[in-house]
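Peer 1: Only the shape, not the letters, is given here:
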């Protein structure tokens, strides 16, 4: 079965089994993540994570933000749908990691923001993040491309998992 057919089946299964929750997750969550990345990707050129960074958004970054935002939430929705088919509502750690990790690979302003949120002082943030940000800034396009490819891989893995999902027998009627 082709990649497109596998993904189409997984999406159809996800939105058939849980139409409202899946649609809300992808529509609202995807929009929020895409908007977040639309600000975060050009924030380096703007100098801050703020709405003004949208003025520096390139078409390639806009496309990457859309793929990362909606791809991440769609991968989570497919994972939840395949787990529901197995009789579980939980998102496995592997499913969550496969869906969320790729989207964290691309934004260099997140490092100082995370350190500041953890309570690091300004000198510590500036001293620590300068080294990391210099490396990430030099190869930011490569990191964005890797993040997009990783999100697409997470979608493929979620679709394969959904294709192989089969209901588990219930524990009722089993001897204990």
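Peer 2: Noted; the coordinates are in hand. Owing to the predicted nature of the structure, the values given are computational and were not obtained by experimental measurement.
Peer 1: From here on, just use CA atoms for contacts and neighbour counts.
Peer 2: OK.
Peer 1: Over to residue 41: give its phi and psi.
Peer 2: Dihedral pair for residue 41: phi -60, psi -40, per degrees, to the nearest 10.
Peer 1: In the protein, which helix is the longest?
Peer 2: helix 59-85 (DSSP state H).
Peer 1: For that helix, which residues meet the burial criterion?
Peer 2: When neighbours are counted by 16 or more other CA atoms under 10 Å, the buried residues of helix 59-85 are found to be 61-62, 64-85.
Peer 1: I'd like the secondary structure assignment at residue 20, please.
Peer 2: Recorded secondary structure, residue 20: helix (DSSP: H, G, I helix; E, B strand; the rest coil).
Peer 1: for residue 49, same thing?
Peer 2: Under the three-state scheme (three-state DSSP), residue 49 adopts coil.
Peer 1: That one contacts residue 39, correct?
Peer 2: Yes - here residue 49 reaches residue 39: they are 6.6 Å apart, a contact under CA atoms under 8 Å.
Peer 1: Tell me which of those two has more neighbours.
Peer 2: residue 39 (26 against 19; other CA atoms under 10 Å).
Peer 1: Contacts only, for that one.
Peer 2: Residue 39 makes contact with 49, 50, 51, 53, 54, 57, according to CA atoms under 8 Å, 6 or more residues apart in numbering.
Peer 1: any idea of the pLDDT on the third one?
Peer 2: Read that as residue 51. For residue 51, the model assigns a pLDDT of 90.
Peer 1: Neighbours of it, how many?
Peer 2: By other CA under 10 Å, 14 other residues sit near residue 51.
Peer 1: Next, work out how far apart the closest residue to it other than its chain neighbours and residue 78 are.
Peer 2: Spatial nearest neighbour of residue 51, excluding adjacent residues (CA to CA, 6 or more residues apart in numbering): residue 39 at 6.3 Å. Applying CA to CA, to the nearest Å, the value for residue 39 to residue 78 is 26 Å.
Peer 1: for this protein, what spans make up the helices?
Peer 2: 3-17, 19-24, 30-40, 43-46, 59-85, 93-100, 110-117, 122-138, 140-163.
Peer 1: any weak-confidence spans in this structure?
Peer 2: 1, 83-115, 122, 124-136, 163-176 (pLDDT under 70).
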